[in-house]
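Q: when you get a sec, could you give me coordinates for this:
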Amino acid sequence: MTLEKQLGEAIYSQINQLSDRMAALQQTPRADISPQYGLNDLKYREYGQHDLYQLAEAMIANNPPQFARYIVWQRAMLRGHRVPDFFTELQLQSEQTVLMGAFSTDYHSVIVRLLQAAAEALHETEKTGLSSTQNTLQSKLMARYMETLLAGNREEAAELIMKAVENGVSIRDIYLEVFKPGLYEVGRLWQSGQITVAHEHYFTAATQLIMSELYPRIHRHTAQNRGVVVAACVSGELHEIGLRMSADLLELEGWQTYYLGANTPAMSIVDIMREKKARLLVLSMCLPINGPELRALIAMVRQQLGGSVKIIIGGYSISSDPVYAASFGADDVAVDAGDAPAIAAGLLGR
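A: This is a model prediction of the structure:
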């Protein structure tokens, strides 16, 4: 086992104690101004834990750019909520101090390498500007859908989508050119502080309801039976809408899907794979905090169901980083929800 992987697993085993020490280091020198930015002791611990989860996953995958991208994203998010940049810098400093104190000198070079990569990424983006991840509004329909839902008019948004389908827009295009970019844009608006987390949750929940209204049309147009697919989010993962899109698009292409949704226990996934004689498993993980669950689940499926079962993984953290994705040992990666049908056909030779 590499030093990086040993250290990543050691961080997981001590994550609460480490985040407590980080919070103490950050809170004390900034106690006079932290409250005006909503940064109390609990918040410092929360941010510290998120940092450590991200760092541990980057270490296990031996992928310093993964942690660096997270730190750049975190600073942009804090900026959007009017938190000064020095809080991010202080967090990195406290992280290095705590980790160097907690682990032997054998690991110090690994700690410095990953945290230095993050500091350099912050400096680089300061010089060049953040690369834009904003999706352009690809169509008038997508723009109207976003405007309508952010105004709180779910029924009007649903009517807009149903009318578009009746007028010949395919369900696949609705998913990939309206729902998906809309969700990314809403996430960006939250990150930049232009909307609240309540707006983001409402938009996501309303989109899921509208997808449910579209489902009878998907089922009605499915003629083939290509095979059985189980789709699930790993235990602890609550971000399920991307997986739901992949499952619906697979069904649209003739696959019989068993969509299990968010936070599914590993053994339940294995049991339903056996019961339904499924040869394909689609797994989603958005946050690296759930990386250990995904690794354990893939290992369990391989051990109990054998190599005939093919595994596709996806989700934001995975699809945005090929090195991290490869560390899980799945059969393939769905970078986009729309990729799942073609990948499934390729894996099962159909």
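Q: low pLDDT regions in this protein?
A: The model of the chain has pLDDT under 70 over residues 29-34, 36-38, 127-138, 220-224, 350.
Q: mind listing what's buried in the helix or strand containing residue 21?
A: Per DSSP states H and E, residue 21 falls inside helix 15-27. Under the neighbour-count criterion of 16 or more other C-beta atoms under 10 Å, helix 15-27 has 15, 18, 19, 20, 21, 22, 23, 25, 26, 27 buried. C-beta coordinates here come from the backbone N, C-alpha and C atoms, glycine included.
Q: before we move on, what about stretch 303-323?
A: Residues of stretch 303-323 classed as buried: 305, 309-319, 321 (neighbour count, 16+ other C-beta under 10 Å).
Q: now do the helices in the stretch 51-200 of the chain.
A: For the stretch 51-200 of the chain, applying DSSP state H, counting those that start in this stretch gives helices covering 64-80, 86-102, 108-128, 140-150, 154-166, 171-174, 180-191, 197-220.
Q: nearest to residue 346, of the ones you listed?
A: helix 171-174 (18.1 Å; C-beta to C-beta).
Q: circling back to that earlier point, and the buried residues of stretch 303-323, which of them are in helices?
A: Using DSSP state H, the members of the buried residues of stretch 303-323 that fall within helices are 305, 316, 317, 318, 319.
Q: between the residues you listed, which sits nearest residue 292?
A: Nearest to residue 292 among those is residue 317, at 13.0 Å by C-beta to C-beta.
Q: do you know how far that closest one is from residue 289?
A: Distance, residue 317 to residue 289, by C-beta to C-beta, to the nearest Å: 9 Å.
Q: residue 8 too?
A: Distance from residue 8 to residue 289, by C-beta to C-beta: 13 Å.
Q: who has more neighbours out of these two?
A: The neighbour comparison of residue 8 against residue 289 (other C-beta atoms under 10 Å) goes to residue 8, with 25 against 20.
Q: hmm, the more buried one is touching residue 53, no?
A: No. Judged on C-beta atoms under 8 Å, residue 8 makes no contact with residue 53 at a distance of 10.0 Å.
Q: convert stretch 150-165 to PDB, retaining C-alpha atoms only.
A: Extracted in PDB, the C-alpha atoms of stretch 150-165 (Å, rounded to 0.1, in the frame of the first residue of the first chain):
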ATOM      1  CA  LEU A 150     -36.900  30.100  -9.800                       C
ATOM      2  CA  ALA A 151     -40.000  32.300  -9.500                       C
ATOM      3  CA  GLY A 152     -41.700  29.300  -7.700                       C
ATOM      4  CA  ASN A 153     -44.200  28.400 -10.400                       C
ATOM      5  CA  ARG A 154     -43.800  24.600 -10.600                       C
ATOM      6  CA  GLU A 155     -47.200  23.900 -12.300                       C
ATOM      7  CA  GLU A 156     -46.400  26.500 -15.000                       C
ATOM      8  CA  ALA A 157     -42.900  24.900 -15.500                       C
ATOM      9  CA  ALA A 158     -44.400  21.500 -15.800                       C
ATOM     10  CA  GLU A 159     -46.900  22.700 -18.400                       C
ATOM     11  CA  LEU A 160     -44.100  24.300 -20.300                       C
ATOM     12  CA  ILE A 161     -42.300  20.900 -20.500                       C
ATOM     13  CA  MET A 162     -45.300  18.900 -21.400                       C
ATOM     14  CA  LYS A 163     -46.200  21.300 -24.200                       C
ATOM     15  CA  ALA A 164     -42.700  21.100 -25.600                       C
ATOM     16  CA  VAL A 165     -42.900  17.300 -25.600                       C
END
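Q: which residues are contacting it?
A: Stretch 150-165 has contacts (C-beta atoms under 8 Å, 6 or more residues apart in numbering) with 141, 144-145, 148-149, 171, 174, 178, 186, 195, 199, 202-203, 206, 209-210, 213-214, 217.
Q: buried set for it?
A: So, applying 16+ other C-beta under 10 Å, buried residues of stretch 150-165: 150, 154, 157, 158, 160, 161, 164.
Q: make TSV out of those and add distance to residue 71.
A: Below are the buried residues of stretch 150-165 laid out as TSV (distance: C-beta to C-beta, whole Å):
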residue	distance to residue 71
150	29
154	36
157	35
158	39
160	39
161	37
164	40
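Q: what's the domain layout of the protein?
A: 3-128, 140-217, 224-347 (automatic domain parsing).
Q: got a list of what the residue most central in space within the chain touches?
A: By C-alpha atoms, centre = their mean, the chain has its centre lying nearest to residue 286, at 1.9 Å. By C-beta under 8 Å, 6+ apart, residue 286 lies in contact with 237, 239, 242, 315, 316, 317.
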